[in-house]
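S.K.: Output the structure for:
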Amino acid sequence: MPSFNLNNFNDLIKNAKSAISWGPNCQKKKTENNLKNKYLAAKNNEKTAVYQVHDATKNYLTFTKGESGYNEYLDKELEKKGSVIADNYNTNFNKNIYTIKDKINTFNSLFLNVTNVGDLYKKYKNDNDLLEKKINDQTSDIITNNRKTYYEEEGISKLNNFYYFFLIVYIIVVVIFALACIFVNTTVSILTRIIILILLIVYPIILMVVFDFIKKMVNRIKDYIPSYAYRNI
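M.R.: This is a model prediction of the structure:
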């Protein structure tokens, strides 16, 4: 049978009284304070841990290997850090080189595009200028041709008026001559008068045939004459 320990019993009673006196809210507050103190202690250790490790390392190496051993350790640590910095620098440098090359390639592409756009703009501008000049020339030619047509029609109208005037005069002359042959006494024989009257009547027809023949002959002769490229025949 286990022996009864009066001290343990007193501690148990004391803890029970403490638990009863604190209550749930007090227990929660106490736990919160304990956790907060542990958190603050951990933060403080985090800040001073580097220095503590440094001091401990220095003391250990100085004691075991002397000052030269500690200095050798520092040299190796600095060499490691330098290697890490150099690697990081090379990595960043290579990244920057790649970025610069990419930007140079992009710039070259954009410059080439701008150059091509400029050349295309010049080509279209020249084409537009030529087209505009051609349109202006055609418009000028149309206006000139319209003027020529107007003057030609006006000239033809005037010639037609003269033609009809002389035709009427000619008909009147022929009619008067025919009446004179009938009603006027003359020594000219009737046969001669009839022949003259017939000649007067057929004269315009013969004249038109002769002019048409001459015109065809002139056009035929022109066909055998060499034409010049810069002369309108």
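S.K.: in the helix or strand hosting D223, what counts as buried?
M.R.: Element membership for D223 (DSSP states H and E) is helix 190-224. By neighbour count on 16 or more other CB atoms under 10 Å, the buried set for helix 190-224 is R193. In this view, the C-beta of every residue, glycine as well, is placed from N, C-alpha and C.
S.K.: Could you pull up the mean pLDDT of it?
M.R.: Average pLDDT, helix 190-224: 86.
S.K.: Ok, stretch 119-129 next?
M.R.: In this model, stretch 119-129 has an average pLDDT of 86.
S.K.: Grab the CA positions of that stretch and hand them over as CSV.
M.R.: C-alpha atoms of stretch 119-129 as CSV (Å, rounded to 0.1, in the frame of the first residue of the first chain):
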residue,chain,number,x,y,z
ASP,A,119,9.1,53.8,-98.2
LEU,A,120,5.6,52.6,-98.7
TYR,A,121,4.3,56.1,-97.9
LYS,A,122,6.7,57.6,-100.4
LYS,A,123,5.6,55.1,-103.1
TYR,A,124,1.9,55.8,-102.5
LYS,A,125,2.6,59.5,-102.4
ASN,A,126,4.4,59.3,-105.8
ASP,A,127,1.6,57.1,-107.2
ASN,A,128,-1.0,59.6,-105.9
ASP,A,129,0.9,62.5,-107.4
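S.K.: do you know how far N33 is from Q27?
M.R.: According to CB to CB, to the nearest Å, N33 stands 11 Å off from Q27.
S.K.: One more: N128?
M.R.: 93 Å.
S.K.: Would you mind pulling up the elements that the lowest-mean-pLDDT helix or strand in the chain packs against?
M.R.: Within the chain, no helix or strand scores below helix 6-183, which has a mean of 77 by mean pLDDT, DSSP states H and E. Applying 3 or more CB pairs under 8 Å, 6 or more residues apart in numbering; DSSP states H and E, one finds that helix 6-183 contacts helix 190-224.
S.K.: Against G118, how distant is I85?
M.R.: Separation of I85 from G118 (CB to CB): 48 Å.
S.K.: Also compute the angle for the helix holding D223 relative to helix 6-183, please.
M.R.: Per axes from the mean of the first three to the mean of the last three CA atoms, to 10 degrees, the angle that helix 190-224 makes with helix 6-183 is 150 degrees.
S.K.: Counting by contacts, list what helix 190-224 packs against.
M.R.: The contact analysis (3+ CB pairs under 8 Å, 6+ apart) places helix 190-224 against helix 6-183.
S.K.: residue contacts, the closest residue to A178 other than its chain neighbours?
M.R.: Nearest residue to A178, sequence neighbours excluded (CB to CB, 6 or more residues apart in numbering): L197, at 5.7 Å. Residues near L197 by CB atoms under 8 Å, 6 or more residues apart in numbering: 174, 177-178, 181.
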